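Peer 1: Predicted model and sequence follow; I will ask about them next.
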Protein chains: 2
Amino acid sequence: MPPKRFHKTEKCNDIAAAALALFAEKGYAATSVEQIADAAGIGKGTVYEYFASKEEIFVHAINNWILDLINRMVERTRNIENPVQRLEIFISNVKDVLKLQQPDPKRLFADIDQQTFMPGGAFYKRRHIIKDMRAVFCGLVTDILLDGVSKKVFKPEIARDVSKIAVNLLAYMDGICMHYLIMEEYQEFEEQVNFYIRGFVDAILI
Amino acid sequence: MPPKRFHKTEKCNDIAAAALALFAEKGYAATSVEQIADAAGIGKGTVYEYFASKEEIFVHAINNWILDLINRMVERTRNIENPVQRLEIFISNVKDVLKLQQPDPKRLFADIDQQTFMPGGAFYKRRHIIKDMRAVFCGLVTDILLDGVSKKVFKPEIARDVSKIAVNLLAYMDGICMHYLIMEEYQEFEEQVNFYIRGFVDAILI
DNA sequence: TATTGTTCCGAACCATCGGTCAGTTTTTAT
DNA sequence: ATAAAAACTGACCGATGGTTCGGAACAATA
């Protein structure tokens, strides 16, 4: 009698994907559940068969998005032998995210911060999700640095402060990305980052 | 017959100050105009005698807040002779802003980004305000660096790339502040920044 | 085909809130 | 005193949009 249940997860991801595009285009607050439903090709009420609330959609969509970014990053830096090149690929991947048009990360980042900091925000009681993601990126850079040390390309003494160095590098990338999202002078962006990275690599190279 | 007009500006600032506290506490979206009016000790309708819209209140409040930060920063770094110390004071002032409890800058920063990036946001059509403020901070650092060069404390060759260096330093401070606002491990914050700044100063010191 | 649980739907509900306005109070000039 | 303009007020309006709900459509048994 009971008909077989649909693959709920798959449909959840479809809805989240449609929502992500809208969030990136107009922002979380300006995107209505009805628009998400339309974009996903389903009725408004159906959305609530898959998600308990609009916030849940946001959490799911952002989670998928960042997991995807992380996976791509890991994949692209995994099999590179030269640590310097590995670092450069990491950096250029971060830079590439900024230039994405679809989804444009600008508003997604702003909404993530918003939902993380505001009491009652979608990520407020789940800051651990955002923290974990940052930790993963941090671990990635740490791996690259330690790999360089073990291959005797980077100075051995950086091993002692490797997590500090990784955090600082990521903080810089974060900040400079935000700087150019605000200042909108993308022409100089490449040059600016290259200048920094040159100094960074020089400082840790044997 | 016509009674003398009240000092509109003064009352505007009062309202904006009351609003800023609420924005910092609950965020822009979660703060209603009525709450602002109550906090300022006036009626809701009166608010609209001084501001055309809620967005205007936000712009005014944020403007005052950042102008205040800038003024304090300038004042504290102005008369220091030693360029290294000047830089350190600058940094420690940035760090201090993070630790403020009233107003807690976390939500203000999130709201500023939000209102700058979202179409229709309060700062979307006035990004120049935000850009200008960043430019002022950048100029401050540039001044300190050039002062150091002229006093033969910093390497002369940094003069060539001085604005790049300033932008990078600010980007780092931005990023590391955001990092710690998210990660909430303030204990390590000082240590982390000090580690960075030591490397930074070493690199530019003659 | 009848039955039964699942999936889907969008009209309707409801709470919120920015902004308005008609009327009251206060201030100042004569 | 009094008149006129300014300052103030809070009830009200209109719009928005998240969530609910009663029922339609559908698929899988028997």
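Peer 2: Right, received. Where do you want to start?
Peer 1: how many neighbours does the closest residue to DNA strand C within chain A have?
Peer 2: Taking CB to the nearest atom of the strand, DNA strand C has its nearest neighbour within chain A at residue A:45, 1.7 Å off. (Each C-beta comes from the backbone N, C-alpha and C, glycine too.) Around residue A:45 there are 9 other residues, counting by other CB atoms under 10 Å in any protein chain shown.
Peer 1: same thing with residue A:98?
Peer 2: The burial metric for residue A:98, expressed as a neighbour count using other CB under 10 Å, is 19.
Peer 1: With residue A:75 instead?
Peer 2: Other residues near residue A:75 come to 9 when the count uses other CB under 10 Å.
Peer 1: ok, it to residue A:150 distance?
Peer 2: Distance check for residue A:75 against residue A:150: by CB to CB, to the nearest Å, it reads 21 Å.
Peer 1: Spit out the contact partners of the spatially most central residue of chain A.
Peer 2: Against the mean C-alpha coordinate of chain A, by CA atoms, centre = their mean, the closest residue is residue A:66 at 4.2 Å. By CB atoms under 8 Å, 6 or more residues apart in numbering or on different chains, residue A:66 lies in contact with residue A:133.
Peer 1: quick one: buried residues of the helix or strand residue A:127 falls within?
Peer 2: Mapping residue A:127 onto the secondary structure by DSSP states H and E places it in helix A:127-150. Taking 16 or more other CB atoms under 10 Å in any protein chain shown as the neighbour-count basis, helix A:127-150 is seen to contain the buried residues A:127, A:130-131, A:133-134, A:137-138, A:140-149.
Peer 1: Ok, stretch A:42-55 next?
Peer 2: Residues of stretch A:42-55 classed as buried by neighbour count (16+ other CB under 10 Å): A:42, A:47, A:50-51, A:54-55.
Peer 1: In terms of pLDDT, where does the residue of chain A closest to DNA strand C sit?
Peer 2: According to the per-residue confidence, residue A:45 scores 96 in pLDDT.
Peer 1: In terms of helices and strands, where is it?
Peer 2: For residue A:45, the element it lies in under DSSP H and E is helix A:44-50.
Peer 1: same thing with residue A:62?
Peer 2: Taking DSSP H and E as the criterion, residue A:62 maps to helix A:54-78.
Peer 1: Indicate whether that helix makes contact with DNA strand C.
Peer 2: No - using CB under 7 Å from any atom of the strand, we find that helix A:54-78 stays clear of DNA strand C, coming within 13.2 Å at best.
Peer 1: Beyond that helix, next helix or strand please.
Peer 2: Helices and strands here follow DSSP H and E; after helix A:54-78, the next one along the chain is helix A:83-99.
Peer 1: send the alpha carbons of that next one over as PDB?
Peer 2: Output of helix A:83-99 as PDB, limited to C-alpha atoms (Å, rounded to 0.1, in the frame of the first residue of the first chain):
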ATOM      1  CA  PRO A  83      55.100  22.800  -2.400                       C
ATOM      2  CA  VAL A  84      55.600  26.300  -3.700                       C
ATOM      3  CA  GLN A  85      53.400  25.500  -6.700                       C
ATOM      4  CA  ARG A  86      50.900  23.800  -4.400                       C
ATOM      5  CA  LEU A  87      50.700  27.000  -2.400                       C
ATOM      6  CA  GLU A  88      50.300  29.100  -5.500                       C
ATOM      7  CA  ILE A  89      47.500  26.900  -6.800                       C
ATOM      8  CA  PHE A  90      45.800  27.200  -3.400                       C
ATOM      9  CA  ILE A  91      46.000  31.000  -3.600                       C
ATOM     10  CA  SER A  92      44.900  31.200  -7.200                       C
ATOM     11  CA  ASN A  93      41.900  29.000  -6.400                       C
ATOM     12  CA  VAL A  94      40.900  31.400  -3.600                       C
ATOM     13  CA  LYS A  95      41.300  34.200  -6.100                       C
ATOM     14  CA  ASP A  96      39.100  32.400  -8.600                       C
ATOM     15  CA  VAL A  97      36.200  32.100  -6.100                       C
ATOM     16  CA  LEU A  98      36.100  35.900  -6.000                       C
ATOM     17  CA  LYS A  99      35.700  36.200  -9.700                       C
END
